[in-house]
Structure formats: C-alpha cells, structure tokens
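Visitor: give me a 3D structure for the following:
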Amino acid sequence: MNSWEKSNLELTPAPEMTMFDESGTLSILIKHDYYSSDNDHGRMLLGAFIDSLIESGDAICKVILIDSAVRLLSDDSFSVKLVKLFALSKYTYICDDSLAYFDIEHASHDNIIVCSASDISIELIQTDHLLTLE
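Guide: From the prediction side, this is the model:
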C-alpha cells in the first residue's frame, strides 16, 4: 500500500478534457476527412461524431477545417451535415491554403471565414478549449 491517502487526492479533469470555453461553448478543429483511420470506417466515425454534435444542440463557438478536412466540403454525404454544423457555430474558419492544395471549391455561407494557415494558427492559439478530431 502506498503512503498516499485517498482523501488527499483531488481529481480534476485535465485541461485538454475541458471542451467548453468560458462562455460555455465548444470549439472544434477538424483536421482530416476521416476520424482515427483513413478508410470507410474512419469516415463513418467522423459522420457519426458530426451527427452527434448537431443532435446535441450544444452551442458551438468555432468550427475550424484544415488540411484534408476541407475535402468534406465537396463530399455529398458530408456537405449537408457540415451546413447544419456551420449553422450551429458562431464562426467557421476554413483554411484557404488547404482549399487551394486540394483544389476544393466551397459554397459561401454567412458565418464562414476563409483565411490563411497563419491566421488559422493564430486563431488556434487564442482558443482556450479546443476539441481536435484527428
């Protein structure tokens, strides 16, 4: 038995497990057009996660799409989900460099901000609590 007593331990969530910022809203970084593994199952997992976010009705401060996640904009099975997700978020940032790299056209929406990778980096640095989908 170790010398630590149970009553001396305080359990608090790690900062990376706190998904809401001070205003009680969630910020989400989507890096790829799949979740966990680059295959059909990974795309199904990502779709289920996005559906859960939409169905939860939780306030979303920011949705940020970088790298291969921008390909979701041209994927018919995801584009409808993304429009719903974007409508729930206060801000949606899409990396212009990623759009150019993957040669993706996107439909404009009122709350979509297309910006450079460096602007996205600054936005990420300024976001206290961020859920990253990899």
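Visitor: remind me which residues of this structure are low pLDDT?
Guide: The chain contains residues with pLDDT under 70 at 1-24, 107-109.
Visitor: strands along that one, start to end?
Guide: With DSSP state E as the criterion, the chain has strands at 26-30, 60-65, 89-95, 112-115, 131-133.
Visitor: longest helix of the chain?
Guide: Longest helix in the chain, counting residues (DSSP state H): helix 40-56.
Visitor: ok, Ser36 to Lys81 distance?
Guide: From Ser36 over to Lys81 the distance is 18 Å, taken as C-beta to C-beta, to the nearest Å. Backbone N, C-alpha and C define where each C-beta goes, glycine included.
Visitor: so these two - more neighbours on which side?
Guide: Lys81 (18 against 12; other C-beta atoms under 10 Å).
Visitor: distance of Glu55 from Ser121?
Guide: Taken as C-beta to C-beta, the span from Glu55 to Ser121 is 31 Å.
Visitor: oh sorry, the question was meant for Phe49
Guide: Phe49 is 24 Å from Ser121, by C-beta to C-beta.
Visitor: so between the two, which is more surrounded?
Guide: Neighbour comparison, Phe49 and Ser121: the larger count goes to Phe49, with 16 against 12 (by other C-beta under 10 Å).
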